[in-house]
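Q: could you work out the structure for the sequence below:
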Amino acid sequence: MSIAPVSQLFSAVWGITLGDERIRIAVLDGPVDRTHSAFQGARLGAIDTSLSPPGASQGVASEHGTHVASLIFGQHESPIKGIAARCSGLLIPIFGNSPDGSARRCSQVDLALAIAAAVDRRAHIINISGGEFSSSGRAHPILGDVLDRCDRQGVLIVAAAGNDGCDCLHVPAAHPSILAVGAATAAGEPLGSSNWGARYQTHGILAIGENLRGAAPGGKIVERSGTSFATAIVSGVAGLLMSLEVSRGIPPNGPRMRQLLLDSSDPCPHLHPSNCLRYLSGVLNIDQAISLLSKKGIKMSFNEPNGEFRSSTEPSGNYPNSYSQSWRPLGQSPLSAADEPRANSPPSPPMAGIRTSGCACGGGAPPRPQFVFAFGEIGVLYPNRARFDSIQQHMRVPKGQQSANPLDPKQLVRYLKKKRWETSSVIWTLNFDSTPVYAISVDGPDSQYVGKLLRQFLRQHHRSKIERVSVPGVLAGRISLPTGMQLPLIEPEPRGMYSWTTDALVSAVAGQKPAGGKKRKRFREKKKGLRKFLNRVYIELRNRGQAPGERAINYAATNPYEIGQIFKEAAKRKIELHSIDATPTPFPEAGTDCWDVTLRFFYPRHKHPTSKRAFRFRVDVSDVVPVTVGRADEWLTAD
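A: Below is the predicted model:
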């Protein structure tokens, strides 16, 4: 088995199609140098983020992003012939250039927001040449939910398997709905650095990823190897195949395309199964894929007209934001790239399964409001540059400075204290790791009190007196940010809005410290257990607080009186927290929506470590602000 050079590999299919502008491929990577000759004439839209400020076309992340994008969108009149040159592109930088020359990483939550932004812009294929090492292969709940939603909506996500050269997994490639991509040599053998794993054998393929010529910032052309670039090859192929489908009037469908590419791949040439692990499910075969597509009813034509292209509207504005450092790119070195939001664009032709919202049609009872109970950090953004400049002009200039700075929380708090009516002129956000997840409305019947709480939260946050705030409420549409990203808008319920630090919350729940002896030791264990519980909810179980079970767990973390009693018992029994979950109550009372929050503990010094003690308490989430019901139950369990 061997793989021809890219120019030969795709010459046959390029005779049929170079792509269709109605197919949109989103590239979540580093900033792209769009002045490169490879992109002249390419149909590219972009979402500007804080990772791609003006002039940010130099650095490792830009080198990676530019190369990946050119493999897909390089115009055939240039030295770099991209796989799907006539498909539409959407560039979303999620990796940034750090001052030390390395690529700035992004979190899985940041990646989830970037994917959601791509779907909002009607992307059919999303290329992610990056990943985070994971021993389990499980995505963060927020990212996992977005990936599953993409699969249901018919969006194909193609992600790199990683370049550690081991039997190991990366997120999101390990997620079952993803088309994972490993790298192969020109001879069709797995590249030495390409990862493999049992999960990848069910939804992964190899594609050429060795010495691929592509664009680099500053008009350069370089060769690179790695799964990042093999991923771009597969995304381009998927774009060509979808273009063939849409030219015959068949709406593109991501899951169907993923299965087509898997089914048409060349199987491992070795007889012994142990020698086939590194081949994943097989090696990409473009000719076989086209043949299989034809058998499914698509007749090929050399003279199919292309639809009229509608260019994307690029957002304006570039306001500071920050990203956590847990996500890393994959490429030639331990480097590849991806992150963030969305902007408004003209409507694309209707495609199967891709919708931004549904409707409650057909009469009957109106839909129930979507309750939210979320917590995070408080933040402020400006709706546009004009609003930013207006506030800046009316702010008092600090002594020794030439102008006021509306981005300085201290100055903004002082300004809003004097001009409270301006509270509603900014966008208040609820953030995860400084990334906006919700916008908070200040326009309701309780607007004055809500505004007062938000100003108080911002002042406390600036003074490091709080870490988190809770915001219960009802979803009331969406709002556009300066970056182009659209956020769900919460109409808050002020009676559930609180602010706190972990230390203060633990101390309040734990109560007064005993005088000494065993009671003091148990008291310390109780506080230790409470802190572990809260950190599990804040980090491991972090969620958007929309599903009933999520709201039940989040409420437990912000009103942990029941939790305090449980950890008091846990300290007495010398048991450690094992797991937290929420399940629907089997027989709830009429008019309630009760969920059982169960904490399971294990005996670290027990002869039978499988034995666990469980504590369960009930939370009714039928109202916008949940409430606990009854007393906690306790029992011994083996699961």
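Q: residues contacting Ala582?
A: Neighbour list for Ala582: Pro548, Gly549, Glu550, Ala552, Ile553, Trp595, Asp596, Val597, Thr598, Val619 [criterion: C-beta atoms under 8 Å, 6 or more residues apart in numbering]. Yep, even glycine has a C-beta here, placed from its N, CA and C like the rest.
Q: distance of the second one from Asn211?
A: Applying C-beta to C-beta, to the nearest Å, the value for Gly549 to Asn211 is 49 Å.
Q: of the two, which one has the most company?
A: Higher neighbour count among Gly549 and Asn211: Gly549, with 17 against 13, using other C-beta atoms under 10 Å.
Q: can you tell me the closest non-neighbouring residue to that one?
A: Of all residues not flanking Gly549 in the chain, Ala582 sits nearest, at 3.8 Å (C-beta to C-beta, 6 or more residues apart in numbering).
Q: shouldn't that neighbour be within a strand?
A: Yes: per DSSP: H, G, I helix; E, B strand; the rest coil, Ala582 lies within a strand segment.
Q: and for the closest residue to Asn253 other than its chain neighbours, the neighbour number?
A: Once flanking residues are discounted, Asn253 sits nearest to Gly154: 4.7 Å by C-beta to C-beta, 6+ apart. When counting by other C-beta under 10 Å, one arrives at 20 neighbours for Gly154.
Q: which residues of the stretch 101-250 of the chain score low on pLDDT?
A: 101-102 (pLDDT under 70).
Q: what's Asp263 in contact with, if anything?
A: So Asp263 contacts Leu292 (C-beta under 8 Å, 6+ apart).
Q: against Asp287, how distant is it?
A: For Asp263, the distance to Asp287 - C-beta to C-beta - is 14 Å.
Q: before we move on, what about Ala187?
A: 18 Å.
Q: tell me, please, the helix or strand in the chain that averages the lowest pLDDT.
A: In the chain, no helix or strand scores lower on mean pLDDT, DSSP states H and E than strand 328-329, which sits at a mean of 36.
Q: after that strand, which helix or strand is next?
A: strand 371-381 (DSSP states H and E).
Q: could you look up the SS state of Ala614?
A: Ala614 is classified as strand under three-state DSSP.
Q: got the contact list for it?
A: Contacts of Ala614 (C-beta under 8 Å, 6+ apart): Thr598, Leu599, Arg600, Phe601, Glu634, Trp635, Leu636, Thr637.
Q: tell me what it is bridged to.
A: Beta-bridge partners recorded for Ala614 (DSSP bridges): Arg600, Trp635.
Q: so which bits of the strand or helix carrying Ala570 are buried?
A: Here Ala570 sits within helix 561-573, counting by DSSP H and E. Neighbour counts over helix 561-573 (16 or more other C-beta atoms under 10 Å) mark Glu562, Ile563, Gly564, Gln565, Ile566, Phe567, Lys568, Glu569, Ala570, Ala571 as buried.
Q: same check on stretch 399-411?
A: Ala404, Pro406, Pro409, Gln411.
Q: what score does the second one have for pLDDT?
A: We note a pLDDT of 89 for Pro406 in this prediction.
Q: and it, helix, strand or coil?
A: coil.
Q: quick check: it touching Ile391?
A: Yes: here Pro406 reaches Ile391: they are 4.9 Å apart, a contact under C-beta atoms under 8 Å.
Q: from the buried residues of helix 561-573, which is closest to Ile23?
A: Ile563 (50.3 Å; C-beta to C-beta).
Q: related to what we said a few turns ago, which elements pack onto the helix holding Ala570?
A: helix 502-510, helix 517-535, helix 548-558, strand 594-602, strand 612-620, strand 627-637 (3 or more C-beta pairs under 8 Å, 6 or more residues apart in numbering; DSSP states H and E).
Q: tell me the angle of it relative to helix 517-535?
A: Per axes from the mean of the first three to the mean of the last three C-alpha atoms, to 10 degrees, the angle that helix 561-573 makes with helix 517-535 is 130 degrees.
Q: name the residues that touch helix 561-573?
A: Residues contacting helix 561-573 (C-beta under 8 Å, 6+ apart): 509-511, 522-523, 525-526, 529-530, 533, 556-557, 576-577, 599, 601, 603, 613, 615, 617, 628, 632, 634.
Q: put the buried members of these into a PyMOL selection.
A: Selection of buried members from the contacts of helix 561-573 for PyMOL, criterion 16+ other C-beta under 10 Å:
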select buried, resi 509+510+522+523+525+526+529+530+533+556+557+577+599+601+603+613+615+617+628+632
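Q: who does the helix or strand that contains Gly65 touch, helix- and strand-wise?
A: Element membership for Gly65 (DSSP H and E) is helix 60-73. If contacts are counted by 3+ C-beta pairs under 8 Å, 6+ apart, helix 60-73 sits against strand 24-29, strand 88-93, strand 96-97, strand 103-104, strand 212-216, strand 220-224, helix 227-247.
Q: partners of the fifth one, with directions?
A: Read that as strand 212-216. strand 220-224 (antiparallel).
Q: quick check: buried residues in the partner strand?
A: Ile221, Arg224.
Q: and if you look at stretch 459-469?
A: Arg459, Gln460, His461, His462, Ile466, Glu467, Arg468, Val469.
Q: which of those residues fall in strands?
A: Per DSSP state E, strands hold the following members of the buried residues of stretch 459-469: Arg468, Val469.
Q: so the residue lying closest to Cys168 once chain neighbours are set aside versus Leu156, what's the distance?
A: With sequence-adjacent residues excluded and distances taken as C-beta to C-beta, 6+ apart, Cys168 is closest to Asn195, at 5.5 Å. Asn195 is 21 Å from Leu156, where distance means C-beta to C-beta.
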